[in-house]
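In: Using only what follows, build the 3D model:
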Amino acid sequence: MTEGASESAAVRETAASGRTSDRYEVSVPEVLRVVEQLGGLTTDIGGAIRQLSTLASPAAGYGVLGNTAGTAAGTAQQQLAATLAAMQAVLKLLTTRVRDSARAYAEGDRKVAEEYARTVAELPAIPAVRR
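Out: Numbers count the residues shown, from 1 in each chain. So this is what the prediction gives:
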């Protein structure tokens, strides 16, 4: 699979052939693309939290139960905002760790390739066999 190619293409190919594969491939550009999408989702959640915090439920809209219902609605709103904030924190941490892991994987892969090339270059030349 070439650098940047979609992992899903290999999965589709394997599924179509009915064979299983024991290979393990990581497309670092694809992983980083997903990480960017998670970053966007995290930003969207932050916007939702800000909007949610500016909303005020009108107690008068609840009629006779106004004060009690308004308090309950406010509490539910606060809990929702806290839950979204916790989810945002988890997504930020996940995004950071996946991004760092993908970069470390790429760096490790590069070092292994360099070492392999160096080792092969140091092998003695095999003399040509004459027939």
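In: Mind listing what's buried along stretch 102-121?
Out: Judged by neighbour count using 16 or more other Cβ atoms under 10 Å, the buried positions of stretch 102-121 are A102, A106. In short, each C-beta sits where N, CA and C put it, glycine included.
In: tell me how far that stretch is from the chain's mean position?
Out: The chain centroid and the centroid of stretch 102-121 are separated by 24 Å under Cα atoms, centre = their mean, to the nearest Å.
In: To which secondary structure element type does A117 belong?
Out: Recorded secondary structure, A117: helix (DSSP: H, G, I helix; E, B strand; the rest coil).
In: How far off centre is stretch 36-51?
Out: The answer for stretch 36-51 is 14 Å, by Cα atoms, centre = their mean.
In: mind listing what's buried in that stretch?
Out: For stretch 36-51, by 16+ other Cβ under 10 Å, it's L38, T42, I45, I49.
In: What is the nearest of the residues you listed to A121?
Out: L38 (40.6 Å; Cβ to Cβ).
In: Give me the nearest residue to the closest one, chain neighbours excluded.
Out: Counting by Cβ to Cβ, 6 or more residues apart in numbering, L38 lies nearest to T95, which is 4.5 Å off, once chain neighbours are set aside.
In: what is the rounded mean pLDDT of whatever helix or strand that neighbour lives in?
Out: In this structure, T95 sits in helix 66-122 according to DSSP states H and E. In this model, helix 66-122 has an average pLDDT of 90.
In: other SSEs contacting it?
Out: In terms of contact count using 3 or more Cβ pairs under 8 Å, 6 or more residues apart in numbering; DSSP states H and E, helix 66-122 is assigned the packing partners helix 28-54.
In: Check the offset of the helix it packs on from the chain's centre.
Out: Mean-position distance between helix 28-54 and its chain equals 10 Å (Cα atoms, centre = their mean).
In: Just the angle for it relative to helix 66-122, thanks.
Out: Orientation check (axes from the mean of the first three to the mean of the last three Cα atoms, to 10 degrees): helix 28-54 against helix 66-122 gives 160 degrees.
In: what packs against helix 28-54?
Out: Looks like helix 28-54 contacts helix 66-122 (3+ Cβ pairs under 8 Å, 6+ apart).
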